[in-house]
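>>> quick one, what's the 3D model for this:
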Amino acid sequence: MTILDSHPQVITLGISSGNLNWACSGVYASPIHVNISLLWNHLCGLADSMSIPWALVGDFNDTLASTEQRGGIFSPSRARHFMDNINSCNLMDIGASGLAFTWFRNFQGRSPVHKRLDCALASLCWRVGFPEGGVEVLPRLHSDHIPLNLRCGKKSGEFRWKAFQEAWHKGGSCILATLNEVKVDSLDFNKKVFSNIFRRKKHIENCLASIQSRLETVDSIALLLQPDKLKKEHHDILAQEEMLWRNRILGLHFPDGNWCDDTETLQLGVIEYFKTLFAETVEVDHSCLPTPGLPFIPSHFLADLEK
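Sure thing, here's the model as predicted:
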């Protein structure tokens, strides 16, 4: 990841995803309308020189339609200007799943205002390069803006190296005992280490999303007060999750002494490691195998085969 361009209202990064190089711009548009024009002048210049797939994510401080706002005064002229800027840069709105609005402000003595100020835009090349990509609107936690999660594709699984390796060696020379240890330890590892934290985190985020979705249609002081306790609990879970992922494998020293942090190379290294592990020649205790034991070919069948 490298910085390709920097501006007071946007930073553009160059990112490598496998064999595909693309650019991602993080946008934080100024609330002053004149400065927003400066932002779009800069983005149009970037669009003219951009030769790789390009995505932009962040707060554009504008809405495209009246349906993207609840409360306050909607400005059709600003919406048209926003759309004209998007078209001038040959970009498209990726859309999003989740909550309808991404910004919330509770003005004292007046009705709350909800807007979709945050969104993700992309070039056609980015859309073609990441056909399964999309945007998820996450629950609002610590800001009046709701975070967006830009996904380039489907979630990938994680390797549970250490837990598997330790379980494999517990069974000793007995294959059945070894496989049983792997099964028991894997289920226990997933339940106690990963699922518990992630399940609690997901539950709280679902509760927050439900409350915030309700507040998009109903003004309620009771609902406004509920998220505070949930946010505190969510913060504690995030601290636990951070400790958990400190041990996540980001890179490895291969047997030749070289350090590797490339995902595809790491996966190939893992596969090769377990190929070697399962191919080891070890003494096997056949007494642990179920009776009547291993299948065999009767001698009279062998004689027929030799004819």
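
>>> where in the protein is the helix or strand with the lowest mean pLDDT?
helix 161-170 (a mean of 56; mean pLDDT, DSSP states H and E).

>>> which parts of the stretch 101-250 of the chain are strands?
For the stretch 101-250 of the chain, the strands defined by DSSP state E, counting those that start in this stretch occupy 103-105, 113-115, 118-123, 134-137, 148-151.

>>> count the residues that sit near the closest residue to I237 other than its chain neighbours.
With CB to CB, 6 or more residues apart in numbering as the criterion, I237 has its nearest non-adjacent residue at 4.9 Å, and that residue is K201. Every residue, glycine included, has its C-beta placed from N, CA and C. The local packing of K201 (other CB atoms under 10 Å) involves 16 other residues.

>>> could you pull out the helices for the stretch 51-200 of the chain?
76-88, 124-129, 161-170, 175-189, 196-215 (DSSP state H, counting those that start in this stretch).

>>> same list (these) but as JSON lines, adding distance to E264.
Below are the helices of the stretch 51-200 of the chain laid out as JSON lines (distance: least, CB to CB, whole Å):
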{"stretch": "helix 76-88", "distance to E264": "35"}
{"stretch": "helix 124-129", "distance to E264": "17"}
{"stretch": "helix 161-170", "distance to E264": "17"}
{"stretch": "helix 175-189", "distance to E264": "24"}
{"stretch": "helix 196-215", "distance to E264": "26"}
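
>>> what about those helices, which gets the closest to I11?
helix 124-129 (17.2 Å; CB to CB).

>>> what packs against the closest one?
Packing partners of helix 124-129 (3 or more CB pairs under 8 Å, 6 or more residues apart in numbering; DSSP states H and E): strand 20-28, strand 54-59.

>>> would you mark the buried spots in the longest one?
The neighbour-count check on strand 20-28 (16 or more other CB atoms under 10 Å) flags 22-25, 27 as buried.

>>> got TSV for those residues, with distance to L99 and pLDDT too?
Formatted as TSV, the buried residues of strand 20-28 follow (distance: CB to CB, whole Å; pLDDT from 0 to 100):
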residue	distance to L99	pLDDT
W22	26	92
A23	27	93
C24	22	93
S25	23	94
V27	19	92
